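Undergrad: heads up, no residue letters with this:
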């Protein structure tokens, strides 16, 4: 099992550009999450999904969009990137009946 | 706004000592409590979960929960240099499908050889 994988590992965007952060898990987990972590801060929930076709906003959804067409994949879309979106983005997943979230290695994004 | 506070830190202890990490939360309806360890440049890793008042021990780690006082703590016995990391406290109000975590900012622990 690869667990939770994220691509790319690093990315530099110019202001106004768009990109998609990829997240995939091979553990057949129902629930998937996107977080951002700013320096010296905890993780903030952006969006989450309880299953294919079902997504919902977290604490800081503005400027982001998600989709969940399959159980395995949960991409995060940034439209019109802004410097405030410079952060480390983590994807996580968990299975039904367990509260343990498994995290991917993260994507470090810089918007300049 | 539901908050999770981890105000003490950074924390430095000598090797072999007990490290005590504290966390308070504002939402009295919180039901699930977690400690994650995050090494520099890495992703968080769950090390302890606790759901009822009292102590829960797992090896050198003990989680303590007091819902009346709204705090949860993590004790690390016989601290090792490999325990040097940031420890994130996370709390969830919901159970089941809508369980979502609220994280504190973390406490950075340094264990001196």
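TA: Nice, thanks for sending it over. Bear in mind the structure is a predicted one, so any value in this text is a computation, not a measurement. Numbers count the residues shown, from 1 in each chain, chains lettered A, B, ... in the order given.

Undergrad: thought residue B:70 was touching residue B:25?
TA: Yes. With contact defined as CB atoms under 8 Å, residue B:70 counts as touching residue B:25 (5.4 Å). The C-beta positions use only the backbone N, C-alpha and C, and glycine is treated the same way.

Undergrad: and the two? Which one has more around it.
TA: Higher neighbour count among residue B:70 and residue B:25: residue B:25, with 21 against 16, using other CB atoms under 10 Å in any protein chain shown.

Undergrad: and the more buried one, how far is that from residue A:90?
TA: 21 Å (CB to CB, to the nearest Å).

Undergrad: next one: residue A:29
TA: For residue A:29, the distance to residue A:90 equals 15 Å [CB to CB].

Undergrad: looking only at neighbour counts, state which of the two leads.
TA: Here residue A:29 and residue A:90 are set side by side on neighbour count (other CB under 10 Å), and the busier one is residue A:90, at 24 against 21.

Undergrad: please confirm that that one is located within a strand.
TA: Yes. Secondary structure of residue A:90 (DSSP: H, G, I helix; E, B strand; the rest coil): part of a strand.

Undergrad: ok, it - contacts?
TA: For residue A:90, the contact set (CB atoms under 8 Å, 6 or more residues apart in numbering or on different chains) comprises A:6, A:34, A:35, A:36, A:37, A:43, A:103, A:104, A:106, B:43, B:44.

Undergrad: repeat that for residue B:65.
TA: Here residue B:65 is in contact with B:33, B:50, B:51, B:52, B:53, B:54, B:56, B:71, B:72 (criterion: CB under 8 Å, 6+ apart).

Undergrad: please redo it, this time with the cut-off set to 6 Å
TA: Applying CB atoms under 6 Å, 6 or more residues apart in numbering or on different chains to residue B:65 gives the contacts B:33, B:50, B:53, B:72.
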